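Student: Quick one, what's the 3D model for this:
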Amino acid sequence: MNKVKTWPLQSLTMEQAQSKQFQLVDIICRHFPGADFLNAGDFGLVPGLNQPQMTRRVESVLADFFGAQAAALVQGAGTGAIRSGLAALLNAGDSLLVHDAPLYPTSSVIAEQMGLTLIRADFNQLDDIKRTIELYQPKAALIQHTRQKMDDSYLLGEVIGCFNQHGLPSLTDDNYAVMKVEKIGCECGSTLSTFSCFKLFGPPGIGVVVGEEKTVNAVRKSMYSGGSQVQGFQAMEALRGLVFAPVMHAVQAQVNDKLVEALNTEAVPQVKHAFIANAQSKVLLVEFHQPIAEQVLAAAQKLGALPYPVGAESKYEIPPLFYRLSGTFRQSDPTLEQRMIRINPNRSGAQTVLRILKESCEGL
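Tutor: Just a heads-up that it's a prediction; the model follows:
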């Protein structure tokens, strides 16, 4: 059987990650003079803003950092950001261009709730995208920054460029990519970028919509009530987490590279092949010679590995995660489930992951 080939996103180097951290802190200094940053954040609907003052200041930092016209913090984490972004771009029943691949489950639910007609094109083939847009005239496009199938190889900037050539508004689901790669969707020309702060060491339930001011303002109008607002303390917590994200994820990427090298030189005899993939977060995929995936996962959690994610790289996930393949990958090839697992080192080192994997495979 041939080895699986993937095209994972290019991770930031440690130098690039530090640069992003320093850039963000420099922008924070410009927006928060003196002791202002040592503030837990305010509550309520400030007249003229209809939101907490600190929330608006954090949104201004995010807009500046991503080189966008505007940003809005929303409730509902990444899913809430995608939902509010699509609602700002589309009306119920409109047509939405998506990649010809299993749609991420939460995005699929949003499409169903809005009664959207999904139009599919192979985003790996620019000619197919152009042909589909010209034939079906969709109202907007949704593109997932990370991979939906193992053989996905599209370049985000090229696909968004194709949308823009046809005047097609687009929303990028940048979850699992922010602070890990050089540019996110809005920096590549997408109308909106959406992502979860929970995946970036922030608080549960907070998402970001960043991009074109007119569309971000439409998102704001949908959050008129006080109960729908992100409070100032939540905004500050999200911003503090974001500062630490690039370097922490660069360390994780280095650990993944070490694990690939070790496992592909027979550090664990039961392993046939190990490789990096964005599935959905950038993780280590381990393929075994035999269908022992379930037994390995059961043994690994007894040795200290996390058995399931909390927020997929949230601040609560410290030990390594040993877990089944993502749902979209399993849909694309159901046979993978018995012979392959994904491992996310989280904050652990390569030796910890190797120890747990070796001991989990003993006797199998």
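Student: can you pull out the helices in the stretch 1-150 of the chain?
Tutor: Using DSSP state H, counting those that start in this stretch, the helices of the stretch 1-150 of the chain run over residues 14-31, 53-65, 77-89, 105-114, 126-136.
Student: Break down this protein into its strands, ranges please.
Tutor: 70-75, 95-99, 117-121, 140-144, 170-173, 192-196, 206-211, 271-278, 282-288, 321-323, 340-344 (DSSP state E).
Student: for the helices of the stretch 1-150 of the chain, which one sits closest to G167?
Tutor: helix 126-136 (9.3 Å; Cβ to Cβ). Glycine gets a C-beta too; all of them are placed from N, C-alpha and C.
Student: in that closest one, what counts as buried?
Tutor: Buried residues in helix 126-136, defined by neighbour count with 16 or more other Cβ atoms under 10 Å: L126, I129, T132, I133.
Student: Same check on stretch 65-79?
Tutor: Quick answer for stretch 65-79 (16+ other Cβ under 10 Å): 65-66, 68, 70-79.
Student: now stretch 222-237
Tutor: M223, Q229, V230, Q231, G232, F233, Q234, A235, M236, E237.
Student: Show the pLDDT at the third one.
Tutor: For V230, the model assigns a pLDDT of 97.
Student: Could you pull out the helices in the stretch 251-364 of the chain for me?
Tutor: Under DSSP H, counting those that start in this stretch, the stretch 251-364 of the chain gives helices at 293-302, 327-332, 350-361.
Student: Please parse the chain into its domains.
Tutor: For the chain, the structural domains run 14-244, 246-357, going by automatic domain parsing.
Student: Could I get the strands of the chain in JSON lines, plus columns for distance to T106 and mean pLDDT?
Tutor: Shown next, in JSON lines, are the strands of the chain (distance: least, Cβ to Cβ, whole Å; pLDDT from 0 to 100):
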{"stretch": "strand 70-75", "distance to T106": "14", "mean pLDDT": "98"}
{"stretch": "strand 95-99", "distance to T106": "13", "mean pLDDT": "98"}
{"stretch": "strand 117-121", "distance to T106": "15", "mean pLDDT": "98"}
{"stretch": "strand 140-144", "distance to T106": "11", "mean pLDDT": "97"}
{"stretch": "strand 170-173", "distance to T106": "9", "mean pLDDT": "98"}
{"stretch": "strand 192-196", "distance to T106": "10", "mean pLDDT": "98"}
{"stretch": "strand 206-211", "distance to T106": "11", "mean pLDDT": "98"}
{"stretch": "strand 271-278", "distance to T106": "17", "mean pLDDT": "89"}
{"stretch": "strand 282-288", "distance to T106": "19", "mean pLDDT": "91"}
{"stretch": "strand 321-323", "distance to T106": "17", "mean pLDDT": "96"}
{"stretch": "strand 340-344", "distance to T106": "19", "mean pLDDT": "95"}
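Student: which stretch among those comes nearest K180?
Tutor: strand 282-288 (6.5 Å).
Student: can you give me the angle that closest one makes with helix 293-302?
Tutor: Here the directions of strand 282-288 and helix 293-302 differ by 120 degrees (axes from the mean of the first three to the mean of the last three Cα atoms, to 10 degrees).
Student: Distance from the chain centre to strand 282-288, please.
Tutor: 18 Å (Cα atoms, centre = their mean, to the nearest Å).
Student: Low-confidence regions, this protein specifically.
Tutor: 1-4, 279-280, 328, 332 (pLDDT under 70).
Student: re earlier: would you mind finding the most buried of the helices of the stretch 1-150 of the chain?
Tutor: Greatest average neighbour count among these goes to helix 77-89 (a mean of 25), per mean count of other Cβ atoms under 10 Å.
Student: What is it packed up against?
Tutor: Using 3 or more Cβ pairs under 8 Å, 6 or more residues apart in numbering; DSSP states H and E, the elements in contact with helix 77-89 are strand 70-75, helix 105-114, strand 140-144, strand 170-173, strand 192-196, strand 206-211, helix 213-221.
Student: hmm, 6 Å instead?
Tutor: Helix 77-89 is packed against strand 70-75, strand 192-196, strand 206-211, helix 213-221, with contacts defined by 3 or more Cβ pairs under 6 Å, 6 or more residues apart in numbering; DSSP states H and E.
Student: Compare those and give me the one nearest V98.
Tutor: Comparing these by Cβ to Cβ, strand 192-196 comes nearest, at 14.5 Å.
Student: which residues are in contact with that closest one?
Tutor: 77-78, 81-82, 85, 171-175, 178, 184-186, 207-211, 215 (Cβ atoms under 6 Å, 6 or more residues apart in numbering).
Student: re earlier: out of the helices and strands packed on helix 77-89, which comes closest to S11?
Tutor: Nearest of the helices and strands packed on helix 77-89 to S11, taken as Cβ to Cβ: strand 192-196 at 16.5 Å.
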